[in-house]
Structure formats: C-alpha cells, structure tokens
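In: model this:
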Amino acid sequence: ITLIEENVPPVRAGTMLVEVRRSLISTGTELGGWRAFARRAQHPTPDAAPRTFGYSNSGIVVEVGEGVSEFGPGDRVACIGAGYALHTDFAVVPHNLCFGVPDDVPLDQGAYAMLSATALYALRRGEPEFGEYCAVVGLGLLGQLTARIYQLAGCFVIGWDAIERRNQIAR
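Out: Next comes the predicted model:
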C-alpha cells in the first residue's frame, strides 16, 4: 500500500468536491480478499503502477459545480461509485452518485451506502415472499448486510461461509 499525494481534482459541471471523512474498505472487492493481499505482500511487484481504491465514502460538500442544485457547501453526503468515491482526503464525485446524510446519522454509517445498495439490489432480484427461506452463500460484509435485509423483509435466512469466523459473526 502506498500513499500518493496529488492535487485536488477540479470541480466540473455536474460534480461536487467532497471532503471525505469516512471511507469503507471492502477487501473482497478492492484487494481480492485477505489471501490475495497476503500473496501480493509476499511477492511484491514494485514496477506495477499504483491504482486507486474506493467506491463508497461519506463526507462534507466543499464546492459544487455548475448545474448542481440539490447540494451545497456544508452538506453531509454519502458517495458511491468506483473511480469517484475513493479512499482520499478530497474526492470529486458526480452529484447523481451522492445522497444526503441526515444530521442524526453518523458519517461512518453513510459510508456503507454502496454495499447497502448492493445488498438491497440482491433482495430485489431475488423477489422474496414474506416467510420464505433463502440462502446467502458468503458471509463477508456484503453477505452479512444481504442476510440482514432479507431478515428485515420477513424471510428465514440460511447463511454459509467457508470461513468459520464469518459464520460465528452471522450467528
């Protein structure tokens, strides 16, 4: 992992500059899982070009570009989108990839926006009926959120993961 210092990108029409306060790290998506991360640590490739990470963060709007009317400086927002909602101090994000975070919701919870939306999408695609049984295979962060949303929708959830610690957390 390398820290790279860059200039803050310019705000363009339809985008916002957000001072990032919280950023969600998903090792499965971003690093290929802990095993892949450990493999890369054991066999580094120093000549590989650095790449940016992140797709879900939250923070405070600093500046809005032309055409952005639903947000203004000082607003609390959650941002999603690979290549935009990065692990960084300041991110320029299209306004349609942001939504407001109420004052009584901590920004660390707002950073879960992308994974929560993905879990909700899984529920919608599954078209569950109240009282049905469903299975969630893989109980990492996304699987845990998906299982919980199915429970909240009135389903009986069966979860499975090859990593026993994740099963324990789910119980």
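
In: From now on I want contacts and neighbour counts done on CA atoms only, so please keep to that.
Out: Noted.

In: what about stretch 26-44, start to end distance?
Out: Its first and final residues considered, stretch 26-44 spans 21 Å by C-alpha to C-alpha, to the nearest Å.

In: Residue 75 versus residue 19, what's the distance?
Out: 10 Å.

In: So what's the residue count around residue 50?
Out: 11 (other C-alpha atoms under 10 Å).

In: who's in contact with it?
Out: Applying C-alpha atoms under 8 Å, 6 or more residues apart in numbering to residue 50 gives the contacts residue 2.

In: gap between it and residue 99?
Out: Taking C-alpha to C-alpha, one finds residue 50 at 29 Å from residue 99.

In: One more: residue 52?
Out: For residue 52 relative to residue 99 (C-alpha to C-alpha), the value is 22 Å.

In: And for residue 5?
Out: 27 Å.

In: Between those two, point out the one with more neighbours.
Out: Comparing residue 5 with residue 99 by other C-alpha under 10 Å, the one with more neighbours is residue 99, at 18 against 8.

In: what's the helix or strand for that one?
Out: Using DSSP states H and E, residue 99 sits in strand 98-100.

In: next one: residue 57
Out: Short version, using DSSP H and E: residue 57 is in strand 56-64.

In: now swap in residue 92 and tell me
Out: Going by DSSP H and E, residue 92 is in strand 90-94.

In: Partner strands of that strand, with direction?
Out: With DSSP bridges as the test, strand 90-94 is paired with strand 15-23 (antiparallel).
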